[in-house]
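[1] Model the following, please.
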Amino acid sequence: MSTKDRRKNKFLMILILIVIILGISLLAPYIAPNDPYKIDLQNTLKAPSREFFLGTDALGRCVFSRMIYGASRTIFSSLILVSLMFVFGSFIGIISGYIGGLFDNIVMRVVDVFLAFPSLVLAIAVAGVLGGGMINAMIAIGVIGWTKYARLARGEVLEIKEETFIKAARLSGNSSMYIVFKHIMPRVLSTLIVTASLDIGTTIMEMAALSFLGLSSPLPIPEWGAMMNEGKSMIQFAPWITIAPGIAIFIIVILFNLLGDVVHDMLDPKQKEY
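    Next up is the predicted model:
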């Protein structure tokens with residue numbers, strides 16, 4: 001089996017696993033064994049059993065059902081956020097690199113200001129100012145997340161726009177917009193797609209971190225980071241409340257990181273094929 005076939009098979013296998021997890025999260029109302037919001041004080045802190053697969057929390061709510069419901073918020077919010085950062089940052093970077101001059105200097109100075117701060121620290125500060133909520137958490141991470149795409153796209157464009165075929169396109173009378181979308185953007189997208197695929201896992205962890213700190217969805221809405229926060233004070237005698245969502249975050253982040261590595265190998269023109 002060739003290297004290309006092995007990469008393709010690995011890509012499909014990882015993608016199938018991710019699709020299965022996404023499918024389970026979307027079908028949560030139909031497959032969750034219990035009501036994730038139902039408070040049952042007679043079944044508080046129950047250990048994992050046949051009735052409660054992953055036990056119950058301090059309010060008697062089914063941890064497994066809450067995990068299934070929380071998967072869609074944790075994963076899909078990260079996918080949407082990465083998509084928005086990818087589109088906005090790439091567009092700004094491509095335009096900045098192509099136009100150059102004063103506009104490019106202004107954009108890059110703005111990018112430098114955002115990159116001067118640790119991303120998660122700045123996200124916590126922004127989320128603290130905006131208040132809790134999923135949208136505000138996404139804004140907090142997106143405020144700095146777009147900069148990596150802008151800088152990367154700009155660097156790629158600076159190299160491409162000096163190529164002979166770009167100069168020939170200008171001499172042929174093509175508009176700048178046509179040159180950007182027809183000749184430059186297709187050659188930049190592969191690198192940006194690889195970056196986005198590798199960024200999903202990081203974004204999931206950052207969203208979970210904000211949720212853990214109480215800066216995302218308000219209680220009692222289930223979310224993996226918030227569930228870990230709820231169980232941290234009871235980890236000695238009810239560890240399943242924290243460990244279960246923690247393992248879920250670990251697995252989904254690993255899957256997306258593996259997917260990003262495979263996408264990198266498939267799209268990197270320097271990779272040799274045998």
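[2] L192 against G155, yeah?
    No - using Cβ atoms under 8 Å as the test, L192 is too far from G155 to be in contact (11.0 Å). C-beta here means a position set from N, CA and C on the backbone, and glycine is covered the same way.
[3] the more surrounded of these two?
    Neighbour comparison, L192 and G155: the larger count goes to L192, with 21 against 14 (by other Cβ atoms under 10 Å).
[4] Leaving out chain neighbours, which residue sits closest to that one?
    Leaving aside its chain neighbours, L192 sits nearest to S90 (5.1 Å; criterion: Cβ to Cβ, 6 or more residues apart in numbering).
[5] where's that neighbour, which helix or strand?
    In the assignment (DSSP states H and E), S90 maps to helix 63-99.
[6] Give me the packing partners of that helix, helices and strands only.
    Contacts defined by 3 or more Cβ pairs under 8 Å, 6 or more residues apart in numbering; DSSP states H and E place helix 63-99 against helix 3-26, helix 28-31, helix 101-115, helix 134-160, helix 185-212, helix 224-231, helix 240-267.
[7] Flag the shaky bits of the stretch 1-150 of the chain, pLDDT-wise.
    Along the stretch 1-150 of the chain, the model assigns pLDDT under 70 to residues 1-2.
[8] Okay, buried residues for the helix holding S90 please.
    In terms of neighbour count (16 or more other Cβ atoms under 10 Å), helix 63-99 has its buried residues at 63-75, 77-78, 81-82, 85-86, 89-98.
[9] try stretch 165-176
    Buried residues in stretch 165-176, counted by 16+ other Cβ under 10 Å: 166, 169.
[10] ok, residues contacting it?
    Applying Cβ atoms under 8 Å, 6 or more residues apart in numbering, the contact partners of stretch 165-176 are 98, 160, 178-179, 182-184.
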